[in-house]
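Participant: A predicted structure for the sequence below; I have some questions about it.
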Amino acid sequence: MNHWLILPILLPAIVAPLLALALRHDLTMTRTFSVGSTVLLVLLGGYLTAMASDGVTRTYALGAWGGPVGIVLVLDRLAAVMLLLTATLGLGIAIYSLSGCDKAGPHFHPLLQFQLMGLNGAFLTGDLFNLFVFFEILLIASYGLMVHGGGAARVRAGLQYVMINLVGSSIFLIGLGLIYGVTGTLNMADFAAKATQIAAADSALLQTGLALLVAVFGIKAAVVPLHFWLPGTYANAAGPVAALFAIMTKVGAYALIRVFTLCHGDAAGGAADWFASGWLVWGGVATLIVGTIGIVGARSLNQQASFAGLASMGTLLIAIGGFTPALGSAAIYYLIHSTLAVAALFLVIDMIIRRRTGFGDALVAAPRFVHGGLIAATFFVIAIAVIGLPPLSGFIGKLLILSAIAGQAPGAEGGGGVAGWPWLWGVILVTSLLALIGFAFSGTLVFWRRGSDGAAETAAPPIVVPMVAVGWLLACMVLMTLLAGPATDYFDQTAGQLFRPQGYLEATLGEAGGGGGS
C-alpha cells in the first residue's frame, strides 16, 4: 500500500481538533497552523498529481482490509487533480481570512480544515457508503461556515441549506440501500463489475437506486430544477465561505463522473444509459440558461456571483453529460478553471462590500471607495475569466468544450445527446454574451457611477493580504493558460483512464486492495 494516499485526509483531521481545542485562544498560532496545513496540502497535492501521472491506479486499504470488503482509498489521475484543486483553493481562503474575516465568528479555521478533510476524502474514497460519510463530514463543516459572522439573513439561508442537504442525505441512503440490496456491494469497482450480472427482474431496482444517486449528485451539483438552494446560500454566506463553497458543487460533478464512468454503458450492461447521458446534457443546458438569466437580472454582486457559479455548472454538466473522452478532458479543464474563477469573484466582491459602507454589494450607485481603482481592475480581469473571454483559461476551457461537441457528429455513437452540436454552440455562445452584458452593467454601476452625496469613503480595510489571496487564484488561472498544452495532455490521459476503468477495477479489487496497475 502507498501510505501517501491517507495524508490528505489525515493532515486536516489532526490539525482541525488541534486548532479547536489547544489553540482556540491564540489567534496567531491558529492562523499559522491553518495556513501551514494548507501549504502542506498544496505540496502534497502536487506530489500526488505527479505520482499519478504514470497512469498507475494506487490504493490504500484501511486496516489492511482490501476491496470489496474493506475501506479502500483510490488515487488515479482525476482524484489527484481534485486533491490539488482543493488544496489550492483552501490556501487562497486561508490567506484571505488573515485580513480579519476569521474574527467574525468562532472556529473558522477548524471548520475550514474539517471541510478540506471531507472534500479530500470524497475525492479519494472507492466506496459509495464512505462517499456518503465524507459528504456528511464536509456538509457538517459547511453548516458551521455558512452561519459564520451571524445575521438573520445568513441564519435563515443556513437553515434552508441544512434542510436541503438533510433531504439529500436521506435520498442518498435510500439509493445506497437499493443498490446494496441488488448487488450486495457498495464498493464502486465491485459494483461496476457486478452490475453486468444483475438478473433482469432486479434491473428496475438497480436503475431506481442509480436514479436516486443521480438526484443526490444533482442536488450537490445544483442542476436545474434542483438548484434552488444555491443562489440564496452563496449570496448570503461570508465572502471567503462562499469562495470555498465554489468547490462544493464540483463534488457533485466529480461523483457523477466517477460513478457513471465506472458503471456507464458496457461496464454496467446498459444500466445507466437511460438517464446518465442525455438527462445531464439537458439539465446542463437548463442550468446554464437559468444561471445566465440570474447574472443579467441580479440586484446584488453576490447574487450575480452565485448565478455565475450556477451558469458555470451548466457548461460543465453539458460536457460531463456527453460521456466521451474528448468531452471528459474538456470538462476537467473547465471544472478547475471555473472553481478558481468563481472563488476569486466572491473574494473580490467581499473586498468591495467591506469598503462600500451602507451600500454593501447592492447594485446601486454609491460614493467612491478606497482602493477602488485596484479592485476595479481585479474585478474586470476576474469577470473576463468567469465569462470565458480570452486570453484567460476560461476561454480555453469553453473552446475545448465547443471543439469536443463539434467532434461528436450527429448519429455517431456515444456523445450522450450532444449530437447535433450547432444548437449547443448557440446556447453556450449566447449565454456568454449575456453574461458579458450583465457583468459590464454591474461593473459600470459599482465603479464608475457615483452616488448623489458624492462623499468619498474614508475607511481603509486591509488590501495587501486579500490581494495576495486573490492574486494566488489568478496566478493559478494564468498558469493554466500558459501551460494549456501540457495541462490538456494530462487531462486527455485522465479522461482516457476514466473511460478505460479496467485498471481502476483491478487495483481496487486486487489482493488486499493494494498495488494495482494501469
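Facilitator: Happy to help now that I have it.
Participant: list the helices and strands the host helix or strand of Ile14 packs on?
Facilitator: Using DSSP states H and E, Ile14 sits in helix 7-17. Counting contacts by 3 or more Cβ pairs under 8 Å, 6 or more residues apart in numbering; DSSP states H and E, helix 7-17 packs against helix 27-52, helix 108-124. (C-beta placed from N, C-alpha, C; glycine too.)
Participant: Quick one: name whatever helix or strand follows the last one.
Facilitator: Following the chain from helix 108-124 toward its C-terminal end, the next helix or strand by DSSP H and E is helix 128-146.
Participant: Is there a neighbour count for Arg500? I'd like the number.
Facilitator: Other residues near Arg500 come to 13 when the count uses other Cβ atoms under 10 Å.
Participant: and it, that's in a helix?
Facilitator: No: with DSSP: H, G, I helix; E, B strand; the rest coil as the criterion, Arg500 is located in coil rather than a helix.
Participant: What distance do you get for it to Gly55?
Facilitator: From Arg500 over to Gly55 the distance is 10 Å, taken as Cβ to Cβ, to the nearest Å.
Participant: what do you get for Arg156?
Facilitator: Arg156 is 48 Å from Gly55, where distance means Cβ to Cβ.
Participant: Over to Ile289?
Facilitator: Ile289 is 38 Å from Gly55, by Cβ to Cβ.
Participant: So the two - more neighbours on which side?
Facilitator: Ile289 (17 against 14).
Participant: OK, contacts around that one?
Facilitator: Counting by Cβ atoms under 8 Å, 6 or more residues apart in numbering, Ile289 touches Gly314, Val427, Thr431.
Participant: Repeat that for Ala344.
Facilitator: Per Cβ under 8 Å, 6+ apart, neighbours of Ala344: Gly92, Ala243, Ile382, Ala385, Val470, Leu473, Leu474, Met477.
Participant: Could you look up the SS state of the fifth one?
Facilitator: In three-state terms, and counting by three-state DSSP, Val470 is helix.
Participant: Check the first one too.
Facilitator: Assigned by three-state DSSP, the conformation of Gly92 is helix.
Participant: got it, and Ile332?
Facilitator: Three-state assignment for Ile332 (three-state DSSP): helix.
Participant: my guess is it meets Gly496, correct?
Facilitator: No: the criterion here is Cβ atoms under 8 Å, and Ile332 misses it with Gly496 at 11.5 Å.
Participant: More neighbours: those two, which one.
Facilitator: Remark: of Ile332 and Gly496, Ile332 carries more neighbours, 31 against 14, as counted by other Cβ under 10 Å.
Participant: Apart from its chain neighbours, what residue comes closest to that one?
Facilitator: Nearest non-adjacent residue to Ile332, counting by Cβ to Cβ, 6 or more residues apart in numbering: Phe491, 4.6 Å away.
Participant: And the one you found, how far from Leu327?
Facilitator: For Phe491, the distance to Leu327 (Cβ to Cβ) stands at 11 Å.
Participant: More neighbours: which of the two?
Facilitator: Leu327 (27 against 24).
Participant: Going C-terminal from the helix or strand hosting the more buried one, what's the next secondary structure element?
Facilitator: In the assignment (DSSP H and E), Leu327 maps to helix 325-353. Tracing the chain C-terminally past helix 325-353 and defining elements by DSSP H and E, one meets helix 372-387 next.
Participant: so for that following helix, what's the average pLDDT?
Facilitator: Averaging pLDDT along helix 372-387 gives 94.
Participant: Please apply the same query to stretch 317-334.
Facilitator: On average, stretch 317-334 scores 91.
Participant: Between the two ends of it, how far is it?
Facilitator: 10 Å (Cα to Cα, to the nearest Å).
Participant: Pull up the gap between Asp350 and Leu429, please.
Facilitator: Counting by Cβ to Cβ, the separation of Asp350 from Leu429 is 31 Å.
Participant: which of these two has more neighbours?
Facilitator: Asp350 (27 against 13).
Participant: Nearest residue to that one in space, ignoring adjacent ones along the chain?
Facilitator: Gly239 (2.4 Å).
Participant: Quick check: Val69 is in a strand.
Facilitator: No: judged by three-state DSSP, Val69 forms no part of a strand; its state is coil.
Participant: Could you check the pLDDT of it?
Facilitator: Looking at Val69, its pLDDT stands at 76.
Participant: what about this structure, any weak spots by pLDDT?
Facilitator: Within the chain, the ranges that satisfy pLDDT under 70 run 1, 67, 264-278, 408-420, 451-459, 510-518.
Participant: again, only this time at 80
Facilitator: Low-confidence segments of the chain (pLDDT under 80): 1, 64-69, 150, 195-203, 263-279, 407-421, 449-460, 510-518.
Participant: Moving C-terminal from the longest helix seen in it, which element do we reach first?
Facilitator: Longest helix of the chain, by residue count under DSSP state H: helix 152-183. Next helix or strand after helix 152-183 toward the C-terminus (DSSP H and E): helix 188-194.
Participant: what about stretch 309-319, distance to the chain center?
Facilitator: From the chain centre to the centre of stretch 309-319 is a distance of 11 Å (Cα atoms, centre = their mean, to the nearest Å).
Participant: go on, stretch 240-254?
Facilitator: 4 Å.
Participant: One more: stretch 296-309?
Facilitator: The answer for stretch 296-309 is 18 Å, by Cα atoms, centre = their mean.
Participant: and if you look at stretch 463-476?
Facilitator: Centroid separation for stretch 463-476 versus its chain: 20 Å, with Cα atoms, centre = their mean.
Participant: looking at it, Ala195 is touching Gly184, isn't it?
Facilitator: No: using Cβ under 8 Å, Ala195 is not in contact with Gly184; the gap is 11.5 Å.
Participant: between those two, who's got more neighbours?
Facilitator: Taking neighbours as other Cβ under 10 Å, Ala195 and Gly184 compare with Ala195 leading, 23 against 11.
Participant: Can you tell me how far the more buried one is from Trp423?
Facilitator: Going from Ala195 to Trp423 by Cβ to Cβ gives 33 Å.
Participant: again, but for Leu124
Facilitator: From Leu124 across to Trp423, the span is 38 Å (Cβ to Cβ).
Participant: If you count surrounding residues, which of the two has more?
Facilitator: Between Leu124 and Trp423, counting by other Cβ under 10 Å, Leu124 is the more crowded of the two (26 against 10).
Participant: these two touch, right, that one and Asp76?
Facilitator: No: if you go by Cβ under 8 Å, Leu124 and Asp76 don't touch, sitting 9.9 Å apart.
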